[in-house]
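**Q** Okay, here's the prediction I keep looking at, along with the sequence it came from:
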Amino acid sequence: MASVHSNNEELETKEMDTRSMSSSRNHSQGTPYIHKVGLPPKQKLFKEFTNTIKETFFSDDPLRPFKHQPKSRKFILGVQAIFPIFEWGRGYNLLKFRGDLIAGLTIASLCIPQDIGYSKLANLAPQYGLYSSFVPPLIYAIMGSSRDIAIGPVAVVSLLLGTLLQNEIDPTKNPEDYRRLAFTATFFAGITQATLGILRMGFLIDFLSHAAIVGFMGGAAITIALQQLKGFLGIRKFTKKADIVSVMQSVFQSAHHGWNWQTMVIGASFLTFLLFAKYIGKKKKNLFWVPAIAPLISVILSTFFVYITHAEKNGVEIVRHIEKGINPPSVNEIFFTGDYLAKGFKIGVVAGMIALTEAIAIGRTFATMKDYQLDGNKEMVALGTMNIVGSMTSCYVSTGSFSRSAVNYMAGCQTAVSNIVMSCVVFLTLQFITPLFKYTPNAILAAIIISAVINLIDFQAAILIWKIDKFDFVACMGAFFGVIFVSVEIGLLIAVSISFAKILLQVTRPRTAILGKIPNTTVYRNIQQYPEATKVPGVMIVRVDSAIYFSNSNYIKERILRWLADEEELLKEAYLPSIEFLIVEMSPVTDIDTSGIHALEELHSSLRKRDIQLVLANPGPVVIDKIHASHVANLIGEDRIFLTVAEAVSSCSPKLVEEA
């Protein structure tokens, strides 16, 4: 048995030797052993393709819980995967319900006045904001995987939707078609979100960088706040444009005759109250409920004040009428044919992606704080389904609200039941309380929205972005100024464009570095990071910090040759020995394509004309396999491919190393 085992070991060793490129040459006793760079075992094309697909779309291994399970168990797991409520619902108890009840009532008091205000941002009647906080939260509670997200209309998506919709249809002249287009856009927003989740393409939303989102949100917050000056100052004739120049012109042009002092008093006094309530909530965390119920208190007090004084007769604009009753069906109002179908699809995709980005970011934030996993693809399916159902029940695009989710978290929510509680309160409001909002002044709604969106302007995040990455700061400011000076959609376009530009820049212009030897070690590092690192005479060591593709292969080749030319000039001026070896450290090179292989061949050819030997150090499994398949290994020489830079240097010029 022992002899058979030793024979097998010998066969394996021989096989490894034939699958490896030996970087060792005949060495006498005392010469350090040079390790070989191993070739990975050959993979079949189909297996390689399926592995790539799996890592791209199924990196979280969603089918793992189903392995080795009986069919009945697989069915139960399948139902739980689609409807997580059946998973966490089994362990639900009275203690958890107590937390969810308090949280649900708290966010309901916040969402009702906000919803009425946000519907105005979307140029829709007030009841549609309340509708959107009734049906969608119920759907999400059944299908969502976040315990903390509070669902409903949000300021940024409401503004974006309103801006894009009114570019197509005038909401005052043609309110019916405008409303129908809003439902159509909501339907396609849901389709977009659900499709991304089903096809497991959630990674697409990551292309909108954090910096771009910070800038976009900040710009949108200022735009939303400026839009509220109409209601805050009691201006009747107001521009429909969203840019800061048009808004401020409209405000100052109406200063002499268009402002209403009673409206301004109501707005300013209650905005002060709301900001003071927020200050109290921030200073004392146990008083989180104060800023949460402050908007509802403001609505009740201001409505009562207007009712007893009849301030509406003195020019104070009021809500006047909110439709009573729960969501009417709207399936027959969605445009499935005609010219508005394509417009609804386009607006829906944009609104759906922004809503998705906001919800996933919020969900991940609170999941991290509570230390549980959030399945992004499940979230997309849940959000998409709730918006599809919402579009058929008179709702517009809903998503996760950061302010309400923060209150939900602070109020001690345990599960998504807090959304159900909030939905039930909204249901009771629609059924019985909406007539009481008749005398609610628009100024208080404007004050509530201004106080809500102030938190979207994140100065600390912008300062941190500036400190960390200047290009990210450019993306942030580009999105910010694009929103406030042009429009929401242009700001969004700038944000996406700069994010893509950054990706392209990093791909096409990867970093490269010259390496030197750290004294008294065999470690080679970037000489800019480690000034004490010394260059090895006669050897130049370059590290490429990227995969080598068609997009950057020519740049990498030219950059290495420029490094070489600069180095040779310095050596010539100092009367030092010229370079004999160019070592390319390939540890960070994760992949190489045919253009990259061609660039290596061209680099080798250019170096030969200068009597310089090209040497490779530590190419990864994918890279070494392709180098071998393309016969570049034979061109460079198998004895010029090493496991480490230290071995490459000691093998190429051992005397020079000793001198260094």
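**A** Sure thing, it's come through. Numbers count the residues shown, from 1 in each chain.

**Q** Run a quick check on Glu532 versus Ile518, I expect a contact.
**A** Yes: contact criterion CB atoms under 8 Å: Glu532 and Ile518 qualify, at 7.0 Å. To be clear about C-beta, it is placed using only N, CA and C from the backbone, and glycine gets the same treatment.

**Q** ok, the two, which is more surrounded?
**A** When neighbours are counted by other CB atoms under 10 Å, Glu532 and Ile518 differ, and Ile518 comes out ahead with 14 against 10.

**Q** Contacts only, for the more buried one.
**A** Contact analysis of Ile518 by CB atoms under 8 Å, 6 or more residues apart in numbering lists 524-525, 530, 532-533.

**Q** Now list the buried members of these.
**A** With burial judged by 16 or more other CB atoms under 10 Å, the buried subset of these is 524-525, 530, 533.

**Q** and the two most separated of the residues you listed?
**A** Maximum pairwise distance in the buried ones among the contacts of Ile518, criterion CB to CB, is 9.6 Å, between Tyr524 and Tyr530.

**Q** Quick check: neighbours shared by these two?
**A** Joint contacts of Tyr524 and Tyr530 (CB under 8 Å, 6+ apart) are 516, 518.

**Q** mind listing the strands in the chain by residue range?
**A** 20-21, 37-38, 150-152, 399-401, 512-517, 524-526, 539-544, 581-585, 613-617, 641-642 (DSSP state E).

**Q** Show me the shaky parts of the stretch 351-500 of the chain.
**A** For the stretch 351-500 of the chain, no stretch is flagged by pLDDT under 70.

**Q** can you give me the helices for it?
**A** 376-391, 402-410, 417-428, 442-453, 459-468, 470-485, 488-508 (DSSP state H, counting those that start in this stretch).

**Q** Near Lys284, how many other residues are there?
**A** Neighbour number of Lys284 under other CB under 10 Å is 10.

**Q** With Lys278 as the reference, measure out to it.
**A** The gap separating Lys284 from Lys278 is 12 Å, by CB to CB, to the nearest Å.

**Q** Also Asp611?
**A** 72 Å.

**Q** Give me the domain ranges for the protein.
**A** 93-323+333-500, 510-652 (the TED database).

**Q** Would you tell me which one of those domains is buried the most?
**A** Neighbour counts (mean count of other CB atoms under 10 Å) averaged over each of the domains of the chain peak at domain 93-323+333-500, with a mean of 21.

**Q** what's the span of that domain, first residue to last?
**A** Using CA to CA, to the nearest Å, the end-to-end distance of domain 93-323+333-500 comes to 47 Å.

**Q** Likewise for stretch 252-268?
**A** Start-to-end, stretch 252-268 (CA to CA) is 18 Å.

**Q** do stretch 317-326 as well
**A** 26 Å.

**Q** same deal with stretch 86-98?
**A** Span of stretch 86-98 from end to end, CA to CA: 19 Å.

**Q** tell me the contacts of Ala501?
**A** By CB under 8 Å, 6+ apart, the contact list for Ala501 is empty.

**Q** Please name the nearest non-neighbouring residue to Trp289.
**A** Thr106 (5.7 Å; CB to CB, 6 or more residues apart in numbering).

**Q** so how far is the first residue of stretch 500-519 from its last?
**A** Start-to-end, stretch 500-519 (CA to CA) is 41 Å.

**Q** How far away from the center of its chain is that stretch?
**A** 24 Å (CA atoms, centre = their mean, to the nearest Å).

**Q** repeat for stretch 136-143
**A** Worked out by CA atoms, centre = their mean, stretch 136-143 lies 23 Å from the chain centre.

**Q** do the same with stretch 159-169
**A** On CA atoms, centre = their mean, the centre of stretch 159-169 falls 24 Å from the chain's centre.

**Q** Considering the contacts of Ile518, which is situated nearest to Gly91?
**A** Arg525 (52.2 Å).

**Q** pretty sure that closest one contacts Ala533?
**A** Yes: between Arg525 and Ala533 there is a contact at 5.5 Å, judged by CB under 8 Å.

**Q** any common contacting residues for those two?
**A** 515-516, 518.

**Q** Enumerate every residue touching the residue nearest to Thr184 when sequence neighbours are not counted.
**A** Nearest residue to Thr184, sequence neighbours excluded (CB to CB, 6+ apart): Gly344, at 3.1 Å. The contact partners of Gly344, by CB under 8 Å, 6+ apart, come to 181, 184-185, 187-188, 334-335.

**Q** got these as TSV, with distance to Leu600 and pLDDT columns?
**A** Listed next are these as TSV, based on distance: CB to CB, whole Å; pLDDT from 0 to 100:
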residue	distance to Leu600	pLDDT
Leu181	55	97
Thr184	53	97
Ala185	51	97
Phe187	52	98
Phe188	47	97
Ile334	56	96
Phe335	56	95
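
**Q** From these, which land in helices?
**A** 181, 184-185, 187-188 (DSSP state H).

**Q** Model confidence score at Ala122, please.
**A** Listed pLDDT for Ala122 reads 94.

**Q** right, and it touches Tyr396 too?
**A** Yes: the criterion here is CB under 8 Å, and Ala122 meets it with Tyr396 at 5.7 Å.

**Q** Find residues that contact each of those two.
**A** If you check Ala122 and Tyr396 against CB under 8 Å, 6+ apart, the residues they both contact are 128, 153, 158, 161, 182.

**Q** With distance to Glu87 as added columns, please give the domains of the chain in CSV.
**A** Putting those into CSV (distance: least, CB to CB, whole Å) gives the following:
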stretch, distance to Glu87
domain 93-323+333-500, 9
domain 510-652, 37
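
**Q** I'd like to know which of these is closest to Pro41.
**A** Closest among the domains of the chain, once you apply CB to CB, is domain 510-652, at 9.3 Å.

**Q** Quick one: end-to-end distance for the closest one.
**A** 27 Å.

**Q** With adjacent residues omitted, what lies nearest to Ser578?
**A** Ser578's closest residue in space is Leu571 (CB to CB, 6+ apart), at 6.0 Å.

**Q** show me the contacts for the one you found.
**A** Counted by CB under 8 Å, 6+ apart, Leu571 has contacts 577-579.

**Q** switch to 10 Å and redo it
**A** 535, 537-538, 540, 577-579 (CB atoms under 10 Å, 6 or more residues apart in numbering).

**Q** Off-centre distance for stretch 511-531?
**A** For stretch 511-531, the distance to the chain centre is 35 Å (CA atoms, centre = their mean).

**Q** for stretch 37-49, same thing?
**A** On CA atoms, centre = their mean, the centre of stretch 37-49 falls 33 Å from that of its chain.
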